[in-house]
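Peer 1: Predicted model and sequence below, questions to follow.
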Amino acid sequence: MRAGLYLEVISRWRGSTGTAQGSTGGGGAADGEREFSGTNNQEGGVDEADFVKTDGDYIYVLFGDQYYYYSYGYGGHLDGGRLHILSVPEVGEVEYLSNATVEGWPREMLLSGDRMAVYSDLSVRDLVYAEDEHPLLPYLLRDSANEGGAQNSAPGGSGFVADIASYSYDSFRVNSLSKLTIFGLGDRTAPQVERELYMEGWYQTAREVNGTVRMVSQGYLDIPGLVYWPELPDEYWNIYWDDDNGIWDDEAQQKLAEQLWMEAINAAIAQNEAIIDATDLNELIPRVYELQDGNVTIHSFTDAADCQDFVIAKDGTSSSVTSIMTLDLESDDLSFEADHVMSNWATIYASADMLIIAEMANDWWWFWDDEVADYQEATNLHAFDISQPGETSYIGSGRVNGTILDQFSLSEHNGFLRVATTTGQWGRWWLSAEEQSGPENHVFVLEQLMHAAGSTESSTELNVVGHVGGIAVGERIWSSRFVGDRGYLVTFRNVDPLWTLDLSDPTNPQVIGELEVPGVSTYIHPLDENHLLTIGIAGDENGLDWGSTQLSLFDVSDFADPKLASKLELSPVPDDEKHGWNWAWSEATYEHKAFQYWNGQLAIPLSTSRYTWDENGYGHYEYVSKLVLVDVSTTDGLSIYDGTSIDHSMFYNEMGDWYWDRPDIRRTVFIDDYVYAISQQGVTVHKLDTMALTDYAGLPVSDPDPGHYYEDWEEKPGEEREDESDPNDPDDEESDENGTTSSDGSA
């Protein structure tokens, strides 16, 4: 099978160049002494963005304020959240140091040395209704709405904000921005903003490799006047809605309806083509805006007069642009570049050498037609070389049959790209059971085609060189993992088969073994060469038990005959305390970053909404959330560690009082023999051998009285440290009225 070129649009712009000065590692030892866990990343050498990071000496937490949606966008503020910095003076301790305001809704961050890249989302609507005039607003107006465009707008001009509310939805180039803020952390007590960049589109994800961070965002080509459905005449609808049974059996009427439909389609196409042809290229391609000292600089990608940086595929169906912003945190000038691919909503994968944008070859509407009812789903794969610091270079594109599940469906190893997909019409709910073909699963192996004889340039095609299909016919993939020359798939219908695959010969991948067990695994974590640890939903031969989270330990030492070595079902409340209906879950079943395995112990959050009764016999709903530690032993199996769990109810007025105020422990950090549990409003520290609480620190939020978090605590557990201000103490003279410290260290 030969894959064609399916890259739709690529544009490149390079900022000032800089030389990488080195690389920084993730987890490991801090100053050669502390051992600590980092983010649970898919690939070694690739750090994935998250809202909690650590370097062993400090813990960084990025959260949006819980009342954000009530103040933001209605004459409120653009300060959606904060970057909190806490120190670990001694292992087992935690001390709140400082925070820095983050514009917009904070999403995730990446750390390299003494710099932090923080990603957040903003909507243009929020900018319009913000309390203070935002300098970016004039530059977001379309030319047609601003008599010549942003270049003729006066940033900060008098009356601009008052007048801008009168503009329509189509007055703005875009309606969303993804922001990159670079914080300098040379002084952790006073983080400083070093650069602010805004990419048009919504933030998706980001990766860090050797000090270079790459953000992926997705924006919609919002062109005023385009129509997305044909304007059908009354005559067509009279035929369509005619109550006379069998009207569509009338060949003449059917042909007339088809003719009217095609005429409307052609008219819509002609109208759209005219609008697109009349639209300046600068109106279509995403921009990057830079804000410095109140001044805005536009980095445009349409400066090349010959348009050589723009490529359009013959079968493109997308009206969205996926952008990659590359920035070298190790360069003195924080140089950056941007790449763009026109694609549908994409799944992002990255190894240390390659970044993949994987998208459905056609949007959903493509399938809703009898003439293409037998169309087989396909996935486009766009590969970029990220092996060089500060650079992202397009490699090529290819296509495989089927759709992928998530980033773990993809893997690059020794230059080969492996992809796990599901084909069949299982996702087309509008088809009858007879019309649907059963799902079937595959693993494809792709490689970049070598250049043709006599050519000095490599092809931009990714060619399928190996394929194995027919896996678990009638089921679909729920999780997958590729580790070196081995692959693992979990499929599900009523039971959970674990499949093992040999990928040592890329041209001949083979299924080696299969094991059926109750329940289903949604995430696969390799422990060592011969063991897998998975998390998912418990179940039996009749289906899934959605109220029970299940851990499974698999022995794959005999690759052809994998075995279930141990399993453990978990719930945040014991069976004798459920008292009736409950619905339990773990974030780790759908977010691998909440799954933290470290030196034989696994930490996962568990939550439940249950209906229970108080001592007076009154029934009510209750929300319970805990962090459970599990001992993982390849010889002794799985067991709850010390029979205990950790919760953060002490930071909250009432557990589950409001839906935005749930005391979920979202992330976990292990440092030596201590576990640091992190929720929206606090960090606790427990010593692993005794599970004793040794320290804690609250995270300031938008609450006029954070003191109620500790109203039941007479004193702080552990040994008190003297002569230090407590940013959680509202009576401390160095704290403001909300118990926070400003990012510059001032009150």
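Peer 2: Happy to help now that I have it.
Peer 1: Show me where the stretch 1-150 of the chain has its helices.
Peer 2: 68-71, 124-128, 137-140 (DSSP state H, counting those that start in this stretch).
Peer 1: For the biggest helix by length in the chain, name the packing helices and strands.
Peer 2: Determined from DSSP state H, the single longest helix within the chain is helix 251-277. Under the contact criterion of 3 or more Cβ pairs under 8 Å, 6 or more residues apart in numbering; DSSP states H and E, helix 251-277 touches helix 234-240. No exception for glycine: its C-beta is placed from N, CA and C like everyone else's.
Peer 1: List the contacts of the helix it packs on.
Peer 2: 247, 253, 256, 257, 260, 261, 264 (Cβ atoms under 8 Å, 6 or more residues apart in numbering).
Peer 1: Can you tell me which of those residues lies closest to residue 584?
Peer 2: Taking Cβ to Cβ as the measure, residue 584 sits nearest to residue 261 out of these, at 49.8 Å.
Peer 1: which element follows the helix or strand where residue 670 lies toward the C-terminus?
Peer 2: Per DSSP states H and E, residue 670 falls inside strand 665-671. Going down the chain from strand 665-671, the next helix or strand is strand 674-679, by DSSP H and E.
Peer 1: by contact count, what packs against that following strand?
Peer 2: By 3+ Cβ pairs under 8 Å, 6+ apart, strand 674-679 packs against strand 58-64, strand 665-671, strand 682-687.
Peer 1: what angle do the last one and strand 665-671 make?
Peer 2: The reference is to strand 682-687. 40 degrees (axes from the mean of the first three to the mean of the last three Cα atoms, to 10 degrees).
Peer 1: The first one now?
Peer 2: Strand 58-64 and strand 665-671 meet at an angle of 170 degrees, taking the same axes, to 10 degrees as the criterion.
Peer 1: and strand 58-64, how far from the chain's centre?
Peer 2: 17 Å (Cα atoms, centre = their mean, to the nearest Å).
Peer 1: List the buried residues of that strand.
Peer 2: 58, 59, 60, 61, 62, 63, 64 (16 or more other Cβ atoms under 10 Å).
Peer 1: Least confident of those?
Peer 2: Lowest pLDDT within the buried residues of strand 58-64 is found at residue 64 (78).
Peer 1: how near is that residue to residue 109?
Peer 2: 13 Å (Cβ to Cβ, to the nearest Å).
Peer 1: likewise residue 59?
Peer 2: 12 Å.
Peer 1: joint contacts of these two?
Peer 2: In contact with both residue 59 and residue 109: residue 53, using Cβ under 8 Å, 6+ apart.
Peer 1: Just the closest of the buried residues of strand 58-64 to residue 227, please.
Peer 2: For the buried residues of strand 58-64, the closest approach to residue 227 (Cβ to Cβ) belongs to residue 64, at 36.6 Å.
Peer 1: Assess the claim that residue 500 and residue 557 are in contact.
Peer 2: No: between residue 500 and residue 557 there is no contact under Cβ atoms under 8 Å: 11.1 Å.
Peer 1: neighbour count winner among these two?
Peer 2: residue 500 (22 against 14; other Cβ atoms under 10 Å).
Peer 1: Leaving out sequence neighbours, find the closest residue to residue 595.
Peer 2: residue 588 (4.1 Å; Cβ to Cβ, 6 or more residues apart in numbering).
Peer 1: Could you report the pLDDT at that neighbour?
Peer 2: On the pLDDT scale, residue 588 gets 96.
Peer 1: you'd agree it is up against residue 627?
Peer 2: No: at 10.5 Å, residue 588 does not count as touching residue 627 under the criterion of Cβ under 8 Å.
Peer 1: Could you pull out the residues contacting both of the two?
Peer 2: In contact with both residue 588 and residue 627: 604, 605, using Cβ under 8 Å, 6+ apart.
Peer 1: Give me the distance between the residue nearest to residue 595 and residue 38.
Peer 2: From residue 588 to residue 38 the distance is 16 Å (Cβ to Cβ).
Peer 1: Compare the two (neighbour count), which wins?
Peer 2: Neighbours were counted for residue 588 and for residue 38 using other Cβ under 10 Å; residue 588 has more, 25 against 22.
Peer 1: following whatever helix or strand residue 532 lives in, which helix or strand shows up next?
Peer 2: With secondary structure defined by DSSP H and E, residue 532 is part of strand 531-540. Using DSSP H and E, the helix or strand that follows strand 531-540 towards the C-terminus is strand 543-555.
Peer 1: The helix or strand just after that next one packs against which elements?
Peer 2: Note on strand 543-555: by DSSP H and E, the next helix or strand toward the C-terminus is strand 563-570. Helices and strands touching strand 563-570, by 3+ Cβ pairs under 8 Å, 6+ apart, are strand 510-517, strand 543-555, strand 619-633, strand 637-646.
Peer 1: okay, the angle between the last one and strand 682-687?
Peer 2: Comparing the axes of strand 637-646 and strand 682-687 via the same axes, to 10 degrees yields an angle of 130 degrees.
Peer 1: Direction included, what does strand 637-646 pair against?
Peer 2: In the sheet, strand 637-646 lines up against strand 619-633 (antiparallel) (DSSP bridges).
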